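K.L.:
Have a look at this prediction, sequence included:
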Amino acid sequence: MNSIIPSKSILKSLSYLDSTPKLSIPRKNHHHQSNRSQICTIKSIYKHESRNFSVGSNRADWQSSCAILASNVVSQQSTEKTDGGNADITSINGVHQTLDLVPVQQETNLPKPLSITDLSPAPMHGSQLRVAYQGVPGAYSEAAAGKAYPNCEAIPCDQFEVAFQAVELWIADRAVLPVENSLGGSIHRNYDLLLRHNLHIVGEVQLPVHHCLLVLPGVRKEYLNRVISHPQALSQCELTLTKLGLSVAREAVDDTAGAAEFIATHNLRDTAAIASARAAELYGLQILADGIQDDSSNVTRFVMLAREPIIPRTDRPFKTSIVFAHDKGTSVLFKVLSAFAFRNISLTKIESRPYRNRPIRVVGDASTGTAKHFEYMFYVDFEASMADPRAQNALAEVQEFTSFLRVLGSYPMDMTPWSPSNRDM
Ligand SMILES: O=C(O)C(=O)C[C@]1(C(=O)O)C=C[C@@H](O)C=C1
């Protein structure tokens, strides 16, 4: 799972081989230079227009397009295990751990995240599936990639935009994208990204997220004056941090494992990271508290993206994700939802986002003043395959009510048995 694809521009700029890294976490301190990770952070430069997918005219595309790219959602065996140790540490959510005060051996050969400048055409590669994710090794997105595609090569990227483009430019075969969490809710920015790009959802995984509080070996709770992590992770642990007496500053960084790496790289004895046990192992940190998520059944849902859709099937449970909008506001919503209700198709998720290019609709006439309504894009997930005539008929009907409709993907549902107490990470 852990190697990086060198690209021509990487070799040209030697940006990941030299010692001039540009790790931008925490945001307040983004000029720190990491001589361990050598991560380049460069802003996205490409823009993609989303195309309108018309169900009526493109249904044939669904049935005749590319070969089946198996989504292969298989439960990942948890391989991570914290070393046993001496001192007691906090037990949370029923998990009691002992502390190993001996620094864990660090992996030195971790892949470096791709940056926007690295996105030149992919070199030749073997048959291993390459899965791009945002973050550094030890991030939950990397674990999600491993759960969806157990033998994949996980490719770290410094931004989601880069992960999308890695797939669009054939540097990677799939991108993995967190879209919602059971505690933190929807990850809105990623919904917007789905629309801005033309990748297809080809699978989903639901990953139990088991957070640890990580510090440098020997650091105690009393030394801490800040906790850093991905904003989602900070919000998933807020109550527990307070219960632990950690009313210290919280700082948001790009990903959980990046927070751990930052502490290790800069030898920060006053800072803790919220990240996985695997991140502790990789960056030589100690687990000060284990299972610090506010709810033991904390789970994040990720979707897998590919350049081509998979051919939808009916021999196993499928889910379909769509996004739609209508010129005349929310009045269409009831009609759209009833198209599914009449056919006994269950919805699993509905989300609304501002309609970017037309966020406001003015109603009423000028003499009485004008009311302004917000305009939305609606994202709906429903439990049916696009190969199912019920879904095809429902979408044909939905298309009549909407001015914009796109099928984001029809893909196998993650049916992994639920086990919240597992420490997958
Ligand atoms: O920072 C990471 O490790 C991630 O993979 C990102 C992310 C997220 O975006 O929600 C994934 C899972 C957890 O919910 C926390 C963070």
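P.N.:
Okay, I see it. Numbering: from 1, shown residues only.
K.L.:
Asp327: neighbour count?
P.N.:
Using other CB atoms under 10 Å, Asp327 is surrounded by 12 other residues. Where you see a C-beta, it was placed from the backbone N, CA and C, and this is true even at glycine.
K.L.:
A strand includes it, no?
P.N.:
No: Asp327 sits outside any strand when classified using DSSP: H, G, I helix; E, B strand; the rest coil, being coil.
K.L.:
My guess is it contacts Ser403. True?
P.N.:
Yes: with contacts counted by CB atoms under 8 Å, Asp327 reaches Ser403, the gap being 4.8 Å.
K.L.:
what's the model's confidence in the longest helix along the chain, averaged?
P.N.:
Counting by DSSP state H, the longest helix found in the chain is helix 389-401. Mean pLDDT, computed over helix 389-401, is 96.
K.L.:
buried set for it?
P.N.:
Buried residues in helix 389-401, counted by 16 or more other CB atoms under 10 Å: 391-392, 394-395, 397-399, 401.
K.L.:
Same question for stretch 211-224.
P.N.:
Within stretch 211-224, the residues that count as buried by 16+ other CB under 10 Å are 211-216, 219, 221, 224.
K.L.:
Likewise for stretch 155-162?
P.N.:
Of all the residues in stretch 155-162, those buried under the rule 16+ other CB under 10 Å are 155-162.
K.L.:
Just put these in TSV and tack on secondary structure and pLDDT.
P.N.:
Output for the buried residues of stretch 155-162, formatted as TSV (DSSP: H, G, I helix; E, B strand; the rest coil; pLDDT from 0 to 100):
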residue	secondary structure	pLDDT
Ile155	strand	97
Pro156	strand	98
Cys157	strand	97
Asp158	coil	94
Gln159	coil	94
Phe160	helix	95
Glu161	helix	95
Val162	helix	96
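K.L.:
Go ahead and confirm Ala143 touches Ala275.
P.N.:
No: when contacts are counted by CB under 8 Å, Ala143 is not listed as touching Ala275 (11.4 Å).
K.L.:
more crowded one of the two?
P.N.:
Ala275 (33 against 28).
K.L.:
ok, what's across the strand from that one?
P.N.:
Using DSSP bridges, the beta-bridge partners of Ala275 come out as Cys212.
K.L.:
Can you give me every residue that contacts it?
P.N.:
138, 211-212, 214, 229, 233, 256-257, 259-260 (CB atoms under 8 Å, 6 or more residues apart in numbering).
K.L.:
Can you pick out the ones from the residues you listed that are in helices?
P.N.:
Among the contacts of Ala275, the members falling in helices (DSSP H) are 233, 256-257, 259-260.
K.L.:
for those, which one is nearest the ligand?
P.N.:
Using CB to the nearest ligand atom, the shortest approach to the ligand within these belongs to Thr256, at 3.6 Å.
K.L.:
Could you find the closest non-adjacent residue to that closest one?
P.N.:
Ala275 (3.9 Å; CB to CB, 6 or more residues apart in numbering).
K.L.:
wait, Trp158 sits on Pro111?
P.N.:
One thing to correct before we go on: residue 158 is Asp, not Trp. No: between Asp158 and Pro111 there is no contact under CB under 8 Å: 11.8 Å.
K.L.:
Does Asp192 touch Tyr355 like I think?
P.N.:
No: using CB under 8 Å, Asp192 makes no contact with Tyr355, being 11.0 Å away.
K.L.:
mind listing the helices for the stretch 51-200 of the chain?
P.N.:
Assigned by DSSP state H, counting those that start in this stretch, the helices in the stretch 51-200 of the chain fall at 55-64, 140-148, 160-168, 188-196.
K.L.:
Quick one, which of those helices gets closest to Val407.
P.N.:
Among the helices of the stretch 51-200 of the chain, the nearest to Val407 by CB to CB is helix 55-64 (6.6 Å).
K.L.:
Helix, strand or coil: sort out Lys335 for me.
P.N.:
helix.
K.L.:
Output the below-cut-off pLDDT ranges for the chain.
P.N.:
1-108, 116-126, 329-330, 357-373, 419-425 (pLDDT under 70).
K.L.:
Columns distance to the ligand on top of the buried residues of helix 389-401, output as JSON lines?
P.N.:
JSON lines is the format used below for the buried residues of helix 389-401 (distance: CB to the nearest ligand atom, whole Å):
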{"residue": "Ala391", "distance to the ligand": "29"}
{"residue": "Gln392", "distance to the ligand": "33"}
{"residue": "Ala394", "distance to the ligand": "30"}
{"residue": "Leu395", "distance to the ligand": "29"}
{"residue": "Glu397", "distance to the ligand": "34"}
{"residue": "Val398", "distance to the ligand": "29"}
{"residue": "Gln399", "distance to the ligand": "32"}
{"residue": "Phe401", "distance to the ligand": "33"}
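K.L.:
re the thing from before, how much space is there between the residue nearest to Thr256 and the ligand?
P.N.:
Distance from Ala275 to the ligand, counting by CB to the nearest ligand atom, to the nearest Å: 7 Å.
K.L.:
and the stretch 301-425 of the chain, which residues reach the ligand?
P.N.:
By the rule CB under 6 Å from any ligand atom, no part of the stretch 301-425 of the chain lies against the ligand.
K.L.:
For the ligand, what is the nearest residue in the stretch 301-425 of the chain?
P.N.:
Counting by CB to the nearest ligand atom, the stretch 301-425 of the chain gets nearest the ligand through Phe302, at 7.6 Å.
K.L.:
before we move on, the earlier item: tell me which of Asp192 and Tyr355 has more neighbours.
P.N.:
Looking at Asp192 and Tyr355 with other CB under 10 Å, you find the greater number of neighbours at Tyr355, namely 19 against 14.
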